[in-house]
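Engineer: here's my sequence, what's the structure:
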Amino acid sequence: MELFFRKIGEGKPLVVLHGVFGSSDNLYTVSKNIADLGYAVYTLDARNHGQSPWSDVFDYDVMAADLNDFLNQHDIQNPVILGHSMGGKTVMNFAAKYDNFEKIIVVDIAPRFYPTHHNHILAGLAAIKLDELKSRKDADDIFSQYVSDFGERQFILKNLYRTDDNKFAWRINIPVISKEIYKIGEEITFDRISQKPAMIMRGSDSGYVKEDDFEQFKQSFPNAELVTIEGANHWVHALKPAEFVSNVVRFIKA
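Structural biologist: Residues are numbered from 1 along each chain as shown. Next up is the predicted model:
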């Protein structure tokens, strides 16, 4: 599968992966800020997201394989690889199976199992009937009955777009994501120890990554560090972009 991507800047390669329901747009601002400091930043759309192809197969093994194929297709050697949430688990699974990376950065996610907690989102998406929509406001009015947080709604509704014939369509494969959503929370297991540098970055107000989670991660990545961004929740890059960029660049340079 050939993933859609955007490349910003020139220099040492950094590959960036987004979370579930997201796209390469989500981390574009921080990626551009990093690229401006002298890096080639590749932001990818995962399968079934953004402008990448859709598939009935959707799990961390195939997403890690997609990442490996992308690196091979574009002859990218030993990049730093960063992933947020679902993207972070993809990065961990990639690092458990492949060697083509210099360092990894995992943003606000741990290797452990997470129970499914997206049912309200999926119910809201199912309630939006595309053939009946007159405007994006109509979609937001419907979606707000299921997702109360304005920022969360806007994040997900960015996937709604108008086609060339002025109809509405989704950039996410809702049927497959709905069917396989439990796999997004699956535990990532490591059958080997990697001495390559790794970092987990978490938001102080998130709760996704606990001290025990980091200790588990460090058993497989002894040269790992934990960075906590004060005042940030799960969306570390959106709430604290300056701190996010400075820590990523510091880690890359170390």
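
Engineer: next secondary structure after the helix-or-strand element of the chain with minimal mean pLDDT?
Structural biologist: Scoring the helices and strands of the chain by mean pLDDT, DSSP states H and E places helix 150-157 at the bottom, with a mean of 93. For helix 150-157, the succeeding helix or strand toward the C-terminus, using DSSP states H and E, is strand 160-162.

Engineer: surely residue 13 forms part of a strand?
Structural biologist: Yes: secondary structure of residue 13 (DSSP: H, G, I helix; E, B strand; the rest coil): part of a strand.

Engineer: residues in contact with it?
Structural biologist: Applying CB atoms under 8 Å, 6 or more residues apart in numbering, one finds that residue 13 lies in contact with 39-42, 76-80. Just so you know, the C-beta spots here come from the backbone N, C-alpha and C atoms, and that holds for glycine as well.

Engineer: now residue 74
Structural biologist: residue 42.

Engineer: ditto for residue 30
Structural biologist: Applying CB under 8 Å, 6+ apart to residue 30 gives the contacts 237, 241, 244-245, 248.

Engineer: got phi/psi on it?
Structural biologist: Dihedral angles of residue 30 (phi, psi; degrees, to the nearest 10) stand at phi -70, psi -30.

Engineer: from residue 236, how far out is it?
Structural biologist: Here residue 30 is placed at a distance of 9 Å from residue 236 (CB to CB, to the nearest Å).

Engineer: over to residue 48?
Structural biologist: Counting by CB to CB, the gap from residue 48 to residue 236 is 24 Å.

Engineer: who are the contact partners of the residue nearest the centre of the chain?
Structural biologist: With distances taken as CA atoms, centre = their mean, the chain has residue 18 as the residue nearest its mean C-alpha position (2.1 Å). By CB under 8 Å, 6+ apart, the contact list for residue 18 reads 24, 26-27, 43-46, 49-50, 83-87.

Engineer: how close does it sit to residue 33?
Structural biologist: In this view, residue 18 and residue 33 are 16 Å apart by CB to CB.

Engineer: ok, now residue 217?
Structural biologist: In terms of CB to CB, residue 217 sits 26 Å off from residue 33.

Engineer: higher neighbour count, those two?
Structural biologist: residue 217 (21 against 18; other CB atoms under 10 Å).

Engineer: counting by contacts, list what the helix or strand hosting that one packs against.
Structural biologist: Residue 217 belongs to helix 211-220 when assigned by DSSP H and E. In terms of contacts (3 or more CB pairs under 8 Å, 6 or more residues apart in numbering; DSSP states H and E), helix 211-220 is packed against strand 198-203, strand 224-229.

Engineer: in TSV: those strands, plus mean neighbour count.
Structural biologist: Shown next, in TSV, are these (neighbours: other CB atoms under 10 Å):
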stretch	mean neighbour count
strand 198-203	25
strand 224-229	18
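
Engineer: and residue 95, what is it in contact with?
Structural biologist: Contact analysis of residue 95 by CB under 8 Å, 6+ apart lists 81, 101, 104, 194, 196, 198, 221.

Engineer: the same query, at a cut-off of 6 Å, please.
Structural biologist: residue 104 (CB atoms under 6 Å, 6 or more residues apart in numbering).
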